[in-house]
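Visitor: requesting a structural model of the entry that follows:
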Amino acid sequence: MPVNDPALVREQYAREDNLRARRALYEEKEGPDAREALWGAVVALRPRRVLEVGGGPGELAERMQRELGADVRFVDISPRMVELARGRGVEAQVADVQALPFADASFDVVVAAWMLYHVPDLDRGLGEIEHVLEPGGALVAITNSVDHLRALRELVSCPGGFESAFSRENGEEHLRRHFGRVERRDVECSVIVRDRAKLVAYRDSLSVGAAEVPEHVELPFVVHARSSVFIART
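Guide: Next up is the predicted model:
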């Protein structure tokens, strides 16, 4: 089932369990933090009015609101994610990036963190983002390489290319159809997993029929995380 299949996306984000399991994988790592690289890119833009699309539990939206003093709006197709974001004091609503409920030029920054590869009609979604951005505004998007966590995916015989719909490798091509200037910043680190249970939880979170984690997998298990931040300007 492709990663941008609507049924899969609804299943994956109906609860926060899957996200929690995947994030736990990164508790020990060597190298730069992709989330902080994303944060640095947002801070540098000095945003005033921000829209986060597909924002998950809302931590980033809350941080932008609290630390940057920005006027933040938040949308996600998952009612549970919207509920969690509202619990953080964020103005959030259920909505699809392919049909954003905002007027043209409503925001100076849009943030899309690890979500554009879930959009069934990516050009339509990017077109919606383009419309809600004011002239001179910017989209900050982060995604993964098709080689992200490759060793782990091979371990559980999980098909590769989960991020191929919008990846490090093809992201600029997609973005240049809608934005005049596109910059890519790569972030790579080594993830160290010392507990087999974390590998099992990650595998279970995928919902794609992956193989079982071998009982005697060699620990610590080291895998490479490869992400990229894109800054696309109108």
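Visitor: now the element after the lowest-mean-pLDDT helix or strand in the chain, going C-ward?
Guide: Of all helical and strand segments in the chain, the minimum by mean pLDDT, DSSP states H and E falls on helix 6-12, at a mean of 75. Downstream of helix 6-12, the next assigned helix or strand under DSSP states H and E is helix 17-24.
Visitor: what is the burial count for the residue nearest to Pro120 when sequence neighbours are not counted?
Guide: Nearest residue to Pro120, sequence neighbours excluded (C-beta to C-beta, 6 or more residues apart in numbering): Asn4, at 5.1 Å. Any C-beta I mention is one placed from the backbone N, CA and C, and that applies to glycine too. With neighbours defined by other C-beta atoms under 10 Å, the count for Asn4 comes to 18.
Visitor: need the contact list for Arg176.
Guide: By C-beta atoms under 8 Å, 6 or more residues apart in numbering, the contact set of Arg176 is Val182.
Visitor: gap between it and Trp39?
Guide: 25 Å (C-beta to C-beta, to the nearest Å).
Visitor: and for Val90?
Guide: For Val90, the distance to Trp39 equals 16 Å [C-beta to C-beta].
Visitor: can you read off the pLDDT for the residue nearest to Pro120?
Guide: Each residue has a pLDDT score; the one for Asn4 is 71.
Visitor: what sits against it?
Guide: By C-beta under 8 Å, 6+ apart, the neighbours of Asn4 are 117-120, 122, 165.
Visitor: ok, now Asp96?
Guide: 75, 77.
Visitor: so what's the backbone phi/psi at it?
Guide: In terms of degrees, to the nearest 10, the main-chain angles of Asp96 are phi -110, psi 130.
Visitor: and it, what's its pLDDT?
Guide: 97.
Visitor: then the one 10 residues further on?
Guide: On pLDDT, Ser106 comes in at 98.
Visitor: please report how far the closest residue to it other than its chain neighbours lies from Phe102.
Guide: Distance criterion C-beta to C-beta, 6+ apart; nearest residue to Ser106, sequence neighbours excluded, is Val132 at 5.0 Å. Val132 sits 5 Å away from Phe102, going by C-beta to C-beta.
Visitor: what residues are up against the residue nearest to Ser106?
Guide: 51, 100, 102-107, 110.
Visitor: ok so, going back, in a markdown table: the contacts of Asn4, plus secondary structure, distance to Leu19 and neighbour count.
Guide: Listed next are those as a markdown table, based on DSSP: H, G, I helix; E, B strand; the rest coil; distance: C-beta to C-beta, whole Å; neighbours: other C-beta atoms under 10 Å:
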| residue | secondary structure | distance to Leu19 | neighbour count |
| --- | --- | --- | --- |
| Tyr117 | helix | 15 | 21 |
| His118 | helix | 13 | 24 |
| Val119 | coil | 18 | 24 |
| Pro120 | coil | 20 | 14 |
| Leu122 | helix | 21 | 21 |
| Ala165 | coil | 19 | 19 |
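Visitor: how many neighbours does Glu172 have?
Guide: 15.
Visitor: name the element it belongs to?
Guide: Assigned by DSSP H and E, Glu172 belongs to helix 171-175.
Visitor: thinking again about what came up before, which neighbours do Val132 and Phe102 share?
Guide: Leu51.
Visitor: which residues of this protein fall in helices?
Guide: 6-12, 17-24, 34-44, 59-68, 79-87, 122-132, 150-155, 171-175, 196-205 (DSSP state H).
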